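Asker: okay, sequence plus prediction incoming.
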Amino acid sequence: MTRQLVTDTQNTWCPGCGNFSIQHTLKNVFAAMEKEGKSLDDVVLVSGIGCHAKIVDYLNVNTFYSIHGRTIPVATGIKIANPNLTVICCSGDGDSYAEGLDHLIFAAKRNIDITVLIHNNRVYGLTTGQYTPTSPLGFKGKSTPSGTAEYPLNPIELMLASGATYVARGYTRKMDQLKNLVMEGIAHKGFAFIDVLQICATFFPVSDYYSSRVYELSDHNRTDFESACTKAREWDYNSDAKIALGTFFERSLPSFDEKMGQHRMNAVERERAIQEFLITRT
Ligand code: SF4
């Protein structure tokens, strides 16, 4: 029997929220995985705290609703405990670019085989409109009525510098492309990072700004790190430059969970050798 992918839980996102597009995209990804014969029993979706996090209530796969900023350590633990699982993280810009930023950096550095989608609406939506690390300079919100005095973080550049082996950017109004990026991220063996420009219809409704600037990366060599850095710096989350969407960078390296698996096997073999030695002594 085909699984009903969307739950009956009442959805409380605001009308026009970009989270609907991410939910729909993941639903399509899960349907495609089922079609390929992959069991969704082997998929775990982890979220943090924020508007994005409710997605675990709305999709019918194994889910873990974690705590603020700790989405990635929870997902890392799940993957290490059972490397056969496909672990997907949904996190927010307030969740993983602020409170949990260190976890994001170290997950990229370790190359743990999880796929991270950041619902980057560039505002704290659930707490009604405070600025986040990706809000533009001068952003006026509840905590900054005169405008922020900080420049925004560039997460694509940060992830490249941190060693992420798959780095991409999607947009909630380009759902087919976003689906392809998520499928690629899941297929990638190692840490896959996808920054998703998501519209917050209530506190940062900038779809016209994005829609007039986004373009798809083409003629771009995703294995060229320097070229990826150049592309990442084109738009600094603050300017009027064009905004590249697509895969900036990809490379193949052994993943953290593979290496942990080898350590675990070595430990088991060592323990067995000790036991055999003790038996021969008695
Ligand atoms: Fe979506 Fe913004 Fe409403 Fe939260 S506050 S549900 S992010 S539109």
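Answerer: Thanks, I have the structure now. Numbering: from 1, shown residues only.

Asker: contact residues of the protein facing the ligand?
Answerer: Residues of the chain lying close to the ligand (C-beta under 6 Å from any ligand atom) are 13, 14, 17, 19, 51, 121, 125, 126, 200, 201, 202, 203. Heads up, the C-betas are built off the backbone N, CA and C, glycines and all.

Asker: for stretch 14-32, buried residues please.
Answerer: Across stretch 14-32, burial judged by 16 or more other C-beta atoms under 10 Å covers 17-30.

Asker: turn those residues into JSON lines, including secondary structure.
Answerer: Converted to JSON lines, those look like this (DSSP: H, G, I helix; E, B strand; the rest coil):
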{"residue": "17", "secondary structure": "coil"}
{"residue": "18", "secondary structure": "coil"}
{"residue": "19", "secondary structure": "helix"}
{"residue": "20", "secondary structure": "helix"}
{"residue": "21", "secondary structure": "helix"}
{"residue": "22", "secondary structure": "helix"}
{"residue": "23", "secondary structure": "helix"}
{"residue": "24", "secondary structure": "helix"}
{"residue": "25", "secondary structure": "helix"}
{"residue": "26", "secondary structure": "helix"}
{"residue": "27", "secondary structure": "helix"}
{"residue": "28", "secondary structure": "helix"}
{"residue": "29", "secondary structure": "helix"}
{"residue": "30", "secondary structure": "helix"}
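
Asker: just the closest of these to the ligand, please.
Answerer: Proximity of those to the ligand (C-beta to the nearest ligand atom) peaks at residue 17, which lies at 3.0 Å.

Asker: leaving out sequence neighbours, find the closest residue to the closest one.
Answerer: Counting by C-beta to C-beta, 6 or more residues apart in numbering, residue 201 is the residue found nearest to residue 17 once chain neighbours are left out, at 5.2 Å.

Asker: for the residue of the stretch 151-282 of the chain found nearest the ligand, list the residues it contacts.
Answerer: Relative to the ligand, the nearest point of the stretch 151-282 of the chain is residue 200 (3.4 Å; C-beta to the nearest ligand atom). Listed by C-beta atoms under 8 Å, 6 or more residues apart in numbering, the contact set of residue 200 reads 17, 18, 51, 121, 122, 123, 125.
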